[in-house]
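Build me a structure from this.
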Amino acid sequence: MQVDELTTRDAPLPPAGSGVSFVMPVLNERAYLERAVQTVLAQEFDGPGELILALGPSTDGTTALAQRLADADPRIRLVPNPGAHIPEGLNAAIRAGRYPTIVRVDAHSELAVGYTRRALATLERVRAGNVGGVMRADGRTPFQRAVARAYNSPIGLGGGAYHGGTHEGPAESAYLGVFRRAVLDEVGLFDESVRRGEDWELNLRIRAAGYRVWFDPALAVTYWPRESWTRLVRQFRSTGAWRGELVRRYGRRNSLRFFAPPLLVLAVAAALVIGVLQSSGAVSGWPSAVLSAVYLPVAAYVALILAVAAGPAGGRGWRDRLWTLAVLPSMHLAWGVGFLAGTLRGAHDTVDTSRLDRNTPLP
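Numbering: from 1, shown residues only. Predicted coordinates for the structure are as follows:
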């Protein structure tokens, strides 16, 4: 990925073995939390470590599970995150941390063996402010596997380095991230006014301060996507809205790949309008023939989705392939609709409700 050459400062280098603080925001993650915590506690590195869980107001028993895990291991500490928003929870956990290196983890993720040791070595070697690796999405059901394939494909999420990059080097952003705390303190932690895309915004400030954000493909994290179509759509609409907000705030600093889904939405809307006009006879003759060109990008997109679903990456069986046909356009169109809304009127208080119980009141 092309990155502006602003990164000229070496990040501070703490003493060897000075410790690592893992920080994890948690909300309604009973099905995933215990395994995520286990992979953190199994990490091996020089020096002490701690895992700080920022607990939102869960309704599925997650809080009781987190307390049980903390009671069983003194390395686990709990801090409240009453607003349930990810940046607020991350900041609360970082402020509670005691060590000079911060490792962001997600309750829907599992760290690979050796992840932390490799990340610490890379931080020291390149003197970066933040290091990240590859998100390897995986699934347990046909639907979740289809979402995982979309995440792992450049067609699904636009080809960001952490969705399958193989070349080490400077990056625009990083998945999760392993940070030098001194750099976070200097640039101001996560912006709590940004509810989604907070990692991209923080990495923008890290690079603007002159520090390197580094991608190391040897680092791998397993990520478990949303388990249902409605949750997936809600997640992507919210994420798109906040990307639109970031475009309002930062303009051309946003990569061009972020504009593909909204262009798809506009192309589909234009094709629907032209189709109605043609079928009603309001447009005919040569104007109709000219306007029919609007169908070309939509047809090309449909052909691409069919090819992906039919190809080797389409899945293990017919259910996987059918879900792939549904998942890819659902992700793109939901994200694009959210982006257009966020760009036109701002994200305001748009919240990702995909992990909330329907009976959970939004703060």
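
how close does residue 338 get to residue 332?
11 Å (C-beta to C-beta, to the nearest Å). For every residue, glycine as well, the C-beta is placed using N, CA and C.

Confirm that residue 195 sits in a strand.
No - counting by DSSP: H, G, I helix; E, B strand; the rest coil, residue 195 is not found in a strand; it is coil.

okay, residue 353: pLDDT?
pLDDT recorded at residue 353 is 80.

number of nearby residues for it?
Residues lying near residue 353 (other C-beta atoms under 10 Å) number 16.

SS state for the closest residue to it other than its chain neighbours?
Closest residue to residue 353 apart from its sequence neighbours, by C-beta to C-beta, 6 or more residues apart in numbering: residue 234 at 5.2 Å. Going by three-state DSSP, the secondary structure assigned to residue 234 is helix.

same deal with residue 110?
strand.

That one against residue 222, yeah?
Yes - using C-beta atoms under 8 Å, residue 110 is in contact with residue 222, at 4.2 Å.

the more surrounded of these two?
Under the criterion of other C-beta under 10 Å, the comparison of residue 110 against residue 222 puts residue 110 first, with 22 against 18.

Next, work out how far apart the more buried one and residue 353 are.
24 Å.

before we move on, what about residue 124?
Counting by C-beta to C-beta - residue 124 and residue 353 are separated by 40 Å.

Quick one: end-to-end length of stretch 19-35, please.
Taking C-alpha to C-alpha, to the nearest Å, the first and last residues of stretch 19-35 lie 22 Å apart.

Over to stretch 285-299?
Per C-alpha to C-alpha, stretch 285-299 runs 22 Å from first to last residue.

what does stretch 101-115 give?
14 Å.

again, but for stretch 303-317
First residue to last in stretch 303-317 (C-alpha to C-alpha) measures 20 Å.

returning to what we had before: if you count surrounding residues, which of residue 338 and residue 332 has more?
Neighbours per residue, other C-beta under 10 Å: of residue 338 and residue 332, the larger number sits with residue 338, 29 against 25.

Give me the phi and psi angles of that one.
phi -60, psi -40 (degrees, to the nearest 10).

residue contacts, it?
236, 237, 238, 239, 240, 241, 242, 243, 244, 350 (C-beta atoms under 8 Å, 6 or more residues apart in numbering).

Could you list the buried residues of stretch 125-132?
Neighbour counts using 16 or more other C-beta atoms under 10 Å place 126, 127, 128, 129, 130, 131, 132 of stretch 125-132 among the buried residues.

wait, I meant stretch 243-255
So, applying 16+ other C-beta under 10 Å, buried residues of stretch 243-255: 243, 244, 245, 246, 247, 249, 254.

Kindly state the pLDDT recorded for the residue of the chain most remote from its centre?
Here the centre of the chain is the reference, and by C-alpha atoms, centre = their mean the most remote residue is residue 285, at 47.3 Å. Looking at residue 285, its pLDDT reads 90.

No further queries at this time; thank you.
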